[in-house]
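Novice: predicted structure and sequence below. I'll ask about it afterward.
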2 protein chains.
Amino acid sequence: MPDFTDKLRPSQPDGPSTLAKEREQSNISTEELGKHLLSSDGFLERQARILPILQQEEILSKTKQQNLSRPERFKLGLVRAKLLRRLSDKYKWSHDDYKMAEYLVDDVSPYFLHMEMFITTIREQASEEQRAYWVPLIESWKIIGAYAQTELGHGSNVRGLELEARWDSQTKEFVIHSPTLTASKWWNGSLGRVANHAIVVAQLLLPEPDSDRFVSHGPHPFIVQVRDMKTHLPLEGIVVGDIGPKYGYITMDNAYMLFDHCRVPHSALLSRYSNVNPETGLYTKPAQPAVVYGSLTYVRANIVHHARLVLARAVTVATRYTTVRRQFQDRDGDKRGPELSVLDYPTVQIRILPLLATTFALHYTGQAMRTVYQNAREDIEKGDFKSLAYMHSMSSGLKSLCTMLAADGIESCRRAMGGHGFGGGSGLIQLNNDYLSKPTVEGDNWMITQQVAGYLIKKMGAAVEGEGKGGDEMDARFRAFAREKHAGGLSWGHDILNSDRDIVKSFELRATALAYDAYEQRVIKKKDWNSLLIQLHKLSRAQSQSIMVTTFFEALSADKTLSASIKTILWDLYRLFALNTMENEGYDFFRFSAISQSDLDALPTRIQDLMSRIRPHAVKLVDSWMIPDYLLDSGGNSALGRYDGRVYEDLFNRAHRLNPLNRITFNPNYWEDEIVKGSGVEWSEILSKL
Amino acid sequence: MPDFTDKLRPSQPDGPSTLAKEREQSNISTEELGKHLLSSDGFLERQARILPILQQEEILSKTKQQNLSRPERFKLGLVRAKLLRRLSDKYKWSHDDYKMAEYLVDDVSPYFLHMEMFITTIREQASEEQRAYWVPLIESWKIIGAYAQTELGHGSNVRGLELEARWDSQTKEFVIHSPTLTASKWWNGSLGRVANHAIVVAQLLLPEPDSDRFVSHGPHPFIVQVRDMKTHLPLEGIVVGDIGPKYGYITMDNAYMLFDHCRVPHSALLSRYSNVNPETGLYTKPAQPAVVYGSLTYVRANIVHHARLVLARAVTVATRYTTVRRQFQDRDGDKRGPELSVLDYPTVQIRILPLLATTFALHYTGQAMRTVYQNAREDIEKGDFKSLAYMHSMSSGLKSLCTMLAADGIESCRRAMGGHGFGGGSGLIQLNNDYLSKPTVEGDNWMITQQVAGYLIKKMGAAVEGEGKGGDEMDARFRAFAREKHAGGLSWGHDILNSDRDIVKSFELRATALAYDAYEQRVIKKKDWNSLLIQLHKLSRAQSQSIMVTTFFEALSADKTLSASIKTILWDLYRLFALNTMENEGYDFFRFSAISQSDLDALPTRIQDLMSRIRPHAVKLVDSWMIPDYLLDSGGNSALGRYDGRVYEDLFNRAHRLNPLNRITFNPNYWEDEIVKGSGVEWSEILSKL
């Protein structure tokens, strides 16, 4: 309906002119930098190819989805997920193409677990015969599967799972049974309403030879049909459903599931690595127990690699919006010009620009993590397990650090945008809600750092007690540290303000010193492990920060192709990321002589200088992440983060033209029961929904 | 529907037995501590009286509200708000009683602004005649009002507001007009769908004498009717509506509003402090411009005072749940007993127990803030403005620090609860979503710290340049610091590990030294204000931390009534709050000699010792906040935070018996359009909602 607001425009200078000026003032090529970041595995080409297909589909329009209830939103999510599979068939998408579509649609798919943990577990844990049977059914989506491991009472402690799979030697079946309420499966994605099959992880209970007692051989994976293929109702003896609304993941049917003495055949046990002899009831255990956890490392490595794009989204929105947004004139400056872009205030810069630098740090670290994973995987396939421990330690520490950086970073960006950051047009609400699962899933961020510390303590022990030769770079560094420590002299004199390489050394020294401390406490002084947990968490964090700084430095040092203008700004981003991290934990560096007091005191000024140098390129830097408007905002094409800067027009359009609440006229008189004017909506109707 | 899960129980030891044991092992009286914290202004008595009334009302049941859409949820919020006013009439509630009901119902009321900013502004800014006319209409809810200040383009910079109120000397009216889109009012609560009146803040434009030019006399408040009293539709020339879904505040109709040359009478200008002569068009300005901002300080002081209860809620949930939750046995301990409560791990303690200590710090600070406000208000009513600057500085700094502590604290608690912290039973989702507005509203947390810094720089300037006598404690401290600084000697030797008073001095020293630094940079070295903003923010934070530590210390020192057992634990909480704050910003204390290096190195161990001492009392300490289960969880009576510890039974009940999604059977076959099995729901139906 036309009204007088149609002719109104935002005050000048408006968003488009502001962003145009920003883009003019920087000499870096977003095309070159974008290719550098995103072309290696065909990402950019794929995004450009898939996006237009999705944009044609009305069902994928995000404009009004924030207004739906959970059940409506779930239906929409399922419709979209079905569509994606149909598009995949139609356009003969590869798996990577399909993943790109899922990423751009930005709904957590109810089929997500089917396509990830379900098929991966079958591929990795099923026998050849089992794979031959199941894989075609899975790939064609004739069956839909989930992965049911976590229970109501147990998550991190997998060995503590309570669900039982008891071998019945008479019938040659396993009897799956939930002995307690806490044995209920819980959180298992795709299983609450959708999947008809699941990998069910249960304690394998076998009779002791010549006894009527059963003993557990620990948790094992079984493939179990849980719903009827026609009626889609749970099979007898199974109670399964969706656990209800959560912080995020509104389109995912996370499940609870219990079993009442359900019988499954011998072939249900996935038997690539371990098996039960159906005749004797005897157990064959895996040669290398660690291989069972291979897929967990894969998932963690993926999370690390994905963090850059998550944070880049938030930083893109925040950078563009805080450039367009103006507030106050310079207190000491010219009062006649326009108000300042809020990104010109150092108090806004300090919240956004180090995160912008972090997106690049996450990029190089994600690449390094992926390489380490691929190499280790190749070794393992050849039966060589030597890289497993390092890969596991690296992926655990980085999963913890990188998801924390991304999750906290999204919220920092949101807050830095002030009031409009709290609004539905921020584009960060669903991102935040969904991503806040990441610090917990696939290994709680605080819990898994023990795995890093355990690895480093072992390494340090070998360095202190060992022969003084061989090993990798870390072994040599640990030995050198132990020698100097022993000799009583520890002066390193890193010139972190003038040498980029010395920054790396400073981070290494601090991580090494913390590793030595932890070794001393645990191995020499025999302290209780649990009493050291805070210290061990700090060690893992320091080690992972050191990896991030090192990979960033090495990537820039090794590069021979980037133009000078981009190289210069990337080095500044490297310094900003490293020095800002250092300043936040300054004393930790100081007490190990990894930084001098005068350098530490100089950091705030140096950081502010670096931010001033980066500021003019900020918009072009986020442009280089090439995140389409279509993705920037889960609640409709992006308002605050729009590429064109038409922030205020978009916010107004959403409020005035798209908000369904404005089609209802309410009655404010408290003495009248009528809520919606003229419709006769009464309290009883509202009560019926409670 | 009964099924086999009905007879299942959680594994042992279960929640109730665990919490019973926790409560037995601590000797503190929750009744005594509860009274100490909450009885002074009748809070406990009021809570006990109002709660049973609310619990009888079906419409206030929170069980299923998480499943509603925004429009449904808004209707529910409006019904509830009407009910509260009816109950208020029925039971003859005082304003404090009504606020208690609002607090316990935990929906942001669509009438919130009517009861707060609208009536407060009329009381403070309206002339006697205006008050006589409007106050009865407001108190009887015959009219419903809102407060419309913030615009699409301007929030913090009030002087930059674009809406115009131009005096028409012919008709003796003001013409209210939005010249641009960014002049649209924005964010104004209660106005989007409900209010029919509003305080509208607009630039007062008056003709220059003997000229046809208009000049602005700055933003002024007008009372304007915006909707028809019968049809509830906007009046002609006004476009007003709800801005759409947000991060939280789902039941609040935050508004946008524009005016097309709307005429209001001369009496619309609230004229207690400033006025326009209707005959001459001449402006009378307020004697003390600062009084206009009095209500902002009031709101900030209230936010500071309320923060303790917000954080106490999150900490109550986290403490109870992490006690009930068990995971892993002690790696170095007995393997035969039950798994450890996760709160026994130092890595969980370090995330929750300092926040538990913070609830008490917030309590004493909130009390102190309230006292300062009340005293200053009394002075101001008497025409004495000397306390205004201190009150404004204190409320700004504390609003920034305390809302940051509470907002970040909720999220820390949520993450510390692992997977179930992400679920709808955490009870922290709506709390988090709603409270995340607080770091931004009523003065952005980063922006307003300038007001603290400005005040301290002025004080330090007076101390350096002044006569060396008079003033308050801070003046004396600043003078002492300036003298010693001048004399070149700054050794203080605080024994923070052994003297509780020295902890206070250490915080004071650091804040004073930062104030001196800021003074030096700004006044002596004439640095640009904006270039100092990060430093000024740190100064405000340090000053506010110092106030929190000091008020905590002084409250405990002054107390003569508490029992020894409670006093002992409160001192430990004081130390934990102060030393943990100190450790997090350790270098900042070290560089000003506010802590020695050996003390700083000893802090982690001391903090862990304090946590071990507090741990056995943790459950009783949160019990003392007396937060009813009714309030703990906005999504239904509390699951994770239940007083009785029946966490798993409750989570299961919500999922299996209350979740509406489980009443729908979905069809997972992607080649079939049918989404809901048997109902014939087609894509087109879902599309129609987009």
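Specialist: That came in fine, so what should we check first?
Novice: contacts, neighbours, all on C-alpha from now
Specialist: Fine.
Novice: what about stretch A:407-427, near chain B?
Specialist: Yes: Stretch A:407-427 reaches chain B (CA under 8 Å from any CA of the partner chain) through A:415, A:418-419, A:422-425.
Novice: how about stretch A:648-655?
Specialist: Yes: using CA under 8 Å from any CA, we find that stretch A:648-655 touches chain B at A:648-649, A:652, A:654-655.
Novice: that stretch - what's its average pLDDT?
Specialist: Per-residue pLDDT over stretch A:648-655 has a mean of 95.
Novice: surely A:Leu536 meets A:Leu456?
Specialist: No: counting by CA atoms under 8 Å, A:Leu536 stays clear of A:Leu456, with 9.8 Å between them.
Novice: coming back round to it: just among the residues of stretch A:407-427 next to chain B, which is most surrounded?
Specialist: With neighbours defined as other CA atoms under 10 Å in any protein chain shown, the most crowded of those is A:Gly425; it has 30 neighbours.
Novice: who's in contact with whatever residue of chain A ends up closest to chain B?
Specialist: Here chain A gets closest to chain B at one residue, A:Ser69, 3.7 Å apart by CA to the nearest CA. Neighbour list for A:Ser69: B:67-70 [criterion: CA atoms under 8 Å, 6 or more residues apart in numbering or on different chains].
Novice: which one of those sits closest to chain A?
Specialist: B:Ser69 (3.7 Å).
Novice: what's the distance between the closest residue in space to that closest one that isn't next to it in sequence and B:Gln65?
Specialist: Excluding its sequence neighbours, the residue lying closest to B:Ser69 (CA to CA, 6 or more residues apart in numbering or on different chains) is A:Ser69, at 3.7 Å. Look at A:Ser69 and B:Gln65: by CA to CA, to the nearest Å, they are 10 Å apart.
Novice: name the single longest helix found in chain A.
Specialist: Ranked by residue count and defined by DSSP state H, the top helix of chain A is helix A:346-381.
Novice: in the helix or strand following that one, what counts as buried?
Specialist: Using DSSP states H and E, the helix or strand that follows helix A:346-381 towards the C-terminus is helix A:388-416. Residues A:388, A:390-416 are the ones in helix A:388-416 that count as buried (16 or more other CA atoms under 10 Å in any protein chain shown).
Novice: for stretch A:348-366, which outside residues touch it?
Specialist: A:37, A:301, A:304-309, A:311-312, A:315, A:318-319, A:342-343, A:402, A:409, A:412-413, A:416, A:547-549, A:551-552, A:555, A:573-574, A:576-577, A:580, A:608, A:611, A:614-615, A:618, A:622, B:534.
Novice: ok, of these, which come out buried?
Specialist: Using 16+ other CA under 10 Å as the burial test, the contacts of stretch A:348-366 include A:37, A:301, A:304-309, A:311-312, A:315, A:318-319, A:342-343, A:402, A:409, A:412-413, A:416, A:547-549, A:551-552, A:573-574, A:576-577, A:580, A:608, A:611, A:614-615, A:618, A:622, B:534 as buried.
Novice: next, count neighbours for A:Arg9.
Specialist: 15.
Novice: and it, which of the three is it?
Specialist: coil (DSSP: H, G, I helix; E, B strand; the rest coil).
Novice: let me see the contact set for it.
Specialist: By CA under 8 Å, 6+ apart, the contact set of A:Arg9 is A:649, B:180-182.
Novice: show me which pair in those residues is furthest apart.
Specialist: A:Glu649 and B:Thr180 (10.9 Å; CA to CA).
Novice: other SSEs contacting the host helix or strand of A:Leu33?
Specialist: Per DSSP H and E, A:Leu33 falls inside helix A:30-38. Packing partners of helix A:30-38 (3 or more CA pairs under 8 Å, 6 or more residues apart in numbering or on different chains; DSSP states H and E): helix A:618-623.
Novice: wait, A:Trp571 touches A:Glu554, no?
Specialist: No: in this structure, A:Trp571 is not within contact of A:Glu554 by CA under 8 Å, at 11.1 Å.
Novice: can you list the residues of the stretch 251-400 of chain A near chain B?
Specialist: So the stretch 251-400 of chain A meets chain B at A:256, A:258, A:260, A:325-328, A:330-332, A:345-347, A:350 (CA under 8 Å from any CA).
Novice: do that again at 6 Å, thanks
Specialist: A:328, A:347 (CA under 6 Å from any CA of the partner chain).
Novice: flag the shaky bits of the stretch 251-400 of chain A, pLDDT-wise.
Specialist: A:288-294 (pLDDT under 70).
Novice: cool, the stretch 501-650 of chain A as well?
Specialist: If you take pLDDT under 70 as the line, the stretch 501-650 of chain A has these spans: A:634-638.
Novice: what residues does it put near chain B?
Specialist: Counting by CA under 6 Å from any CA, the stretch 501-650 of chain A sits next to chain B at A:533-534, A:587.
Novice: could you dump those into JSON lines and include secondary structure?
Specialist: Below are those laid out as JSON lines (three-state DSSP):
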{"residue": "A:Leu533", "secondary structure": "helix"}
{"residue": "A:Ile534", "secondary structure": "helix"}
{"residue": "A:Tyr587", "secondary structure": "helix"}
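Novice: what's the closest of these to B:Lys246?
Specialist: Nearest member of those to B:Lys246, counting by CA to CA, is A:Ile534, at 36.7 Å.
Novice: ignoring the adjacent residues along the chain, who's closest to A:Val310?
Specialist: With CA to CA, 6+ apart as the criterion, A:Val310 has its nearest non-adjacent residue at 6.8 Å, and that residue is A:Ala406.
Novice: just the helices from the stretch 551-690 of chain A, written as ranges.
Specialist: For the stretch 551-690 of chain A, the helices defined by DSSP state H, counting those that start in this stretch occupy A:564-584, A:586-590, A:597-614, A:618-623, A:629-632, A:647-653, A:683-687.
Novice: what's the most buried one of these?
Specialist: helix A:618-623 (a mean of 25; mean count of other CA atoms under 10 Å in any protein chain shown).
Novice: give me phi/psi at A:Tyr256?
Specialist: Backbone torsions of A:Tyr256, given as degrees, to the nearest 10, read phi -110, psi 150.
Novice: any idea how far B:Gly423 is from the residue lying closest to it once chain neighbours are set aside?
Specialist: Nearest residue to A:Tyr256, sequence neighbours excluded (CA to CA, 6+ apart): A:Trp186, at 4.4 Å. Plainly put, A:Trp186 is 11 Å away from B:Gly423 if you go by CA to CA.
Novice: swap in A:Gly34?
Specialist: For A:Gly34, the distance to B:Gly423 - CA to CA - is 37 Å.
Novice: per-residue confidence for A:His232?
Specialist: If you check A:His232, the pLDDT there is 96.
Novice: can you give me the neighbour number for it?
Specialist: There are 18 residues near A:His232, going by other CA under 10 Å.
Novice: next one: phi and psi at it?
Specialist: phi 60, psi 20.
Novice: tell me which element A:Ser295 falls in.
Specialist: Residue-wise, A:Ser295 maps onto helix A:294-324 under DSSP H and E.
Novice: helices along the stretch 401-550 of chain A, start to end?
Specialist: All helices of the stretch 401-550 of chain A, identified by DSSP H, counting those that start in this stretch, fall at A:418-422, A:429-435, A:449-465, A:473-487, A:500-519, A:533-558.
Novice: and the longest one, what's buried?
Specialist: Going by neighbour count (16+ other CA under 10 Å), the buried part of helix A:533-558 is A:533-553, A:556.
Novice: and what of the fourth one?
Specialist: By neighbour count, and taking 16+ other CA under 10 Å as the criterion, the buried residues in helix A:473-487 are A:475, A:477-479, A:481-483.
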